[in-house]
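Visitor: Turn this into a model:
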Amino acid sequence: MVLDGCTMLSQRDNFIYHEMMTHPALFSHPAPKQVAIIGGGDCGSLREVLKHACIKKVWQIDIDERVTRNAEKYFPELCTSNTDPRAELLFIDGIQWMERAASASLDLIIVDSTDPVGPAKGLFSEAFYRTCQRALGEHGLLIQQSESPLVHSESIIYPMHDAMLTAGFSTTQTLFFPLPIYPTGWWSATMASKQTQIEFIRKVEADKKLFSTDYYNSSVHEAAFTAPEFFRAKFAGRR
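Guide: This is a model prediction of the structure:
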C-alpha cells in the first residue's frame, strides 16, 4: 500500500510493525480496557489490540476512509477484527477527536501515523501530546511510531521526547525493531507514561499469552527497549 508516493505497508513484514506498535504498550499497562488508535487505517494495529481479552473498547480513528476500504479489499487478513463489537471505526480528524475526549477516559493511545508531514505533522506536536496526556488515566500510556533511529533521531525522535515531557508526561522511552520496507530497515516507536517508569508490568501474562504472534514475545519486548550505544549516549546528553 502506497500513500502519497510513500510505501506504507506490505504483506511480508507488516506483522512486525503492528505487533510492536501494540503489545509492548498493552503489556506495560496493568489493566488496559479503553484504547484509541489515531491513524492505523489499515486496521492491523486494531486487530492486534483486540487479541487482548481485557480490552472493552477501541476507537479506530483515521481521517481517510479510503485507506480502510482498500485494506479490506487488498489486505483482508488485517481487517478481521473490523466487525468486532468492541471496535468503533471513525473516519474523522484524530487531533480534533482527542481534543474532545473526556479527561482520564483512555488507558492507551496508539498513534499509528504516517510521516510527520502534511496532515500528520500535528500528531507530533506538544499541543497534541497535551490533549493525549489529559485524556489518559492514571496509568495511561501513549505510543507513537517515531521513524528510523539511524536518520531521524535528531530531527524527530529526540524532539518527540522533549515535546511529550513538556506536555506533562512523566517519562518517555523509545523501543526499536526491524522493518525492511521502511527507509534504513530499522524503525522505532516512542512511548510516554504518566507514571515515573515504563515497566513490563504484565510480563507473566506475556510469557503465557493466549493468542498467537509472529514476532512479539516477552524476550523481544525486553530486548526492544535496550537502546544502542550511539542513541543512549546522545539521548543522555539531552536530559
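
Visitor: For the longest strand along the chain, what is the distance to the chain centroid?
Guide: Among the segments of the chain that qualify as a strand by DSSP state E, the longest is strand 136-145. How far strand 136-145 lies from its chain's middle: 10 Å, per C-alpha atoms, centre = their mean, to the nearest Å.

Visitor: and it, which residues are buried?
Guide: Of the residues in strand 136-145, 136-137, 139-145 count as buried by neighbour count, 16 or more other C-beta atoms under 10 Å. From N, CA and C alone the C-beta is placed, and that goes for glycine too.

Visitor: One more: stretch 105-113?
Guide: Quick answer for stretch 105-113 (16+ other C-beta under 10 Å): 106-113.

Visitor: Repeat that for stretch 201-218.
Guide: Using 16+ other C-beta under 10 Å as the test for burial, stretch 201-218 gives 201-202, 206, 209, 213, 216, 218.

Visitor: before we move on, back to that, which pair in the buried residues of stretch 105-113 spans the largest distance?
Guide: Within the buried residues of stretch 105-113, D107 and S113 form the most distant pair, 19.6 Å apart (C-beta to C-beta).

Visitor: contact partners of stretch 160-170?
Guide: The contact list for stretch 160-170 (C-beta atoms under 8 Å, 6 or more residues apart in numbering) reads 124-127, 129-130, 132-134, 142, 144, 146, 171-172, 174, 190, 192-196, 235, 238.

Visitor: Assumed Q173 was part of a strand.
Guide: Yes - per DSSP: H, G, I helix; E, B strand; the rest coil, Q173 lies within a strand segment.

Visitor: My guess is it contacts F225. True?
Guide: Yes - counting by C-beta atoms under 8 Å, F225 is a contact partner of Q173 at 6.2 Å.

Visitor: which secondary structure elements does the lowest-mean-pLDDT helix or strand in the chain contact?
Guide: Least confident element among the helices and strands of the chain, by mean pLDDT, DSSP states H and E: helix 229-236 (a mean of 77). Taking 3 or more C-beta pairs under 8 Å, 6 or more residues apart in numbering; DSSP states H and E as the contact definition, the neighbouring helices and strands of helix 229-236 are helix 158-166.

Visitor: Between strand 136-145 and the helix it packs on, find me the angle.
Guide: Angular relation of helix 158-166 and strand 136-145 on a 0 to 180 degree scale: 170 degrees, by axes from the mean of the first three to the mean of the last three C-alpha atoms, to 10 degrees.

Visitor: Tell me which residues of helix 158-166 come out buried.
Guide: Within helix 158-166, judged by 16+ other C-beta under 10 Å, the buried ones are 158-161, 163-165.

Visitor: Restricting to C-alpha, output that helix in PDB.
Guide: In PDB, the C-alpha atoms belonging to helix 158-166 read as follows (Å, rounded to 0.1, in the frame of the first residue of the first chain):
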ATOM      1  CA  TYR A 158      14.600  13.500  20.400                       C
ATOM      2  CA  PRO A 159      12.200  16.400  19.800                       C
ATOM      3  CA  MET A 160       9.300  13.900  20.400                       C
ATOM      4  CA  HIS A 161      10.700  13.100  23.800                       C
ATOM      5  CA  ASP A 162      11.100  16.800  24.600                       C
ATOM      6  CA  ALA A 163       7.600  17.600  23.500                       C
ATOM      7  CA  MET A 164       6.000  14.700  25.400                       C
ATOM      8  CA  LEU A 165       7.700  15.700  28.600                       C
ATOM      9  CA  THR A 166       6.800  19.300  28.200                       C
END
